[in-house]
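# What follows is a protein structure lacking sequence information:
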């Protein structure tokens, strides 16, 4: 459903895990944005990814290197509520939120990398920046609400919640652009030439940019965060 001007509408969303196969954005600079909501606050209780991008390094535990992940939660100290890049040598760069998300609340959650700085975004604000030299020359798999492996399978690490308005750009968005996303502007209105993948997740798992995604579990329909046309 399209909305023009400044009109808004409460749409419907899917609670799903999806994987895109054989995608190939260049990742020397990128941005991730999604709306997430969970019934469990980050408590270091389990590994729960909002977005995951698996590189083609095929090294390390479970073939997870290199890897880029936006975590809602993680069992490792310092990893919950964070943007993380894992290099091929298995070292990490991470930028963690300072805010404490509440349960059952939609939040704009994002991550960006400009080639030297890894940033985590929450509600349109860059809360933490970390120096990072990590990059990936190719992405093989992308996942929402889960972590994938380099062969495309999903680990038994699923998030307890919902996700909507999933978007990925092959460029580092700026503060004004993340702020606009947090206000509800559609990703198609933000740096459209660099928008690689966009899944509104309004009932159907369809990428409006054409990247092939597959549902890995049964979606549940729920309310959608506010979207401006």
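Sure thing, it's come through. Since we're looking at a predicted model, the values are computed, not measured.

# Could you use CA atoms for every contact and neighbour count after this?
OK.

# you'd agree residue 179 is in a helix?
Yes - counting by DSSP: H, G, I helix; E, B strand; the rest coil, residue 179 is found in a helix.

# quick one, what contacts the closest residue to it other than its chain neighbours?
In this structure, residue 179 finds its nearest non-sequential neighbour in residue 124, 3.9 Å apart by C-alpha to C-alpha, 6 or more residues apart in numbering. Residues near residue 124 by C-alpha atoms under 8 Å, 6 or more residues apart in numbering: 108, 109, 175, 178, 179, 180, 181, 182, 183.

# again, only using 7 Å
108, 178, 179, 181, 182 (C-alpha atoms under 7 Å, 6 or more residues apart in numbering).

# Which of the residues you listed ranks first by neighbour count?
Most neighbours among the contacts of residue 124, by other C-alpha atoms under 10 Å: residue 178, with 28 neighbours.

# Please tell me how far residue 149 sits from residue 211.
Per C-alpha to C-alpha, to the nearest Å, residue 149 is found 18 Å from residue 211.

# Look at the two and report which has more neighbours.
With neighbours defined as other C-alpha under 10 Å, residue 149 and residue 211 compare such that residue 149 has more, 24 against 18.

# Next SSE downstream of the worst-scoring helix or strand of the chain on mean pLDDT?
The helix or strand of the chain with the poorest confidence is strand 8-9; it has a mean of 44 (mean pLDDT, DSSP states H and E). Where DSSP states H and E defines the elements, the next helix or strand beyond strand 8-9 is strand 12-15.

# Go through stretch 177-190 and flag the buried ones.
Residues 177, 178, 179, 180, 181, 182, 184, 185, 186, 187, 188, 190 are the ones in stretch 177-190 that count as buried (16 or more other C-alpha atoms under 10 Å).

# Closest one of these to residue 70?
Nearest to residue 70 among those is residue 178, at 15.1 Å by C-alpha to C-alpha.

# From the chain's centre, how far out is stretch 171-184? Work that out for me.
When C-alpha coordinates are averaged (C-alpha atoms, centre = their mean, to the nearest Å), stretch 171-184 and its chain have centres 14 Å apart.

# Repeat that for stretch 120-137.
12 Å.

# same deal with stretch 94-101?
15 Å.

# Just the endpoints, please. Distance across it?
Counting by C-alpha to C-alpha, you get 18 Å between the two ends of stretch 94-101.

# Give the buried residues for it.
By 16+ other C-alpha under 10 Å, the buried positions in stretch 94-101 come out as 94, 95, 96, 97, 101.

# Could you give the average pLDDT over it?
Stretch 94-101 shows a mean pLDDT of 93.

# which other residues reach it?
Applying C-alpha under 7 Å, 6+ apart, the contact partners of stretch 94-101 are 41, 79, 81-85, 118-120, 127-130.

# now the helices for this protein?
Along the chain, the stretches classed as helices by DSSP state H are 175-182.

# In a markdown table: the contacts of stretch 94-101, plus neighbour count and distance to residue 228.
A markdown table is the format used below for the contacts of stretch 94-101 (neighbours: other C-alpha atoms under 10 Å; distance: C-alpha to C-alpha, whole Å):
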| residue | neighbour count | distance to residue 228 |
| --- | --- | --- |
| 41 | 18 | 27 |
| 79 | 21 | 32 |
| 81 | 29 | 26 |
| 82 | 26 | 27 |
| 83 | 32 | 26 |
| 84 | 26 | 29 |
| 85 | 26 | 31 |
| 118 | 26 | 28 |
| 119 | 27 | 25 |
| 120 | 28 | 23 |
| 127 | 15 | 24 |
| 128 | 17 | 27 |
| 129 | 19 | 28 |
| 130 | 17 | 31 |
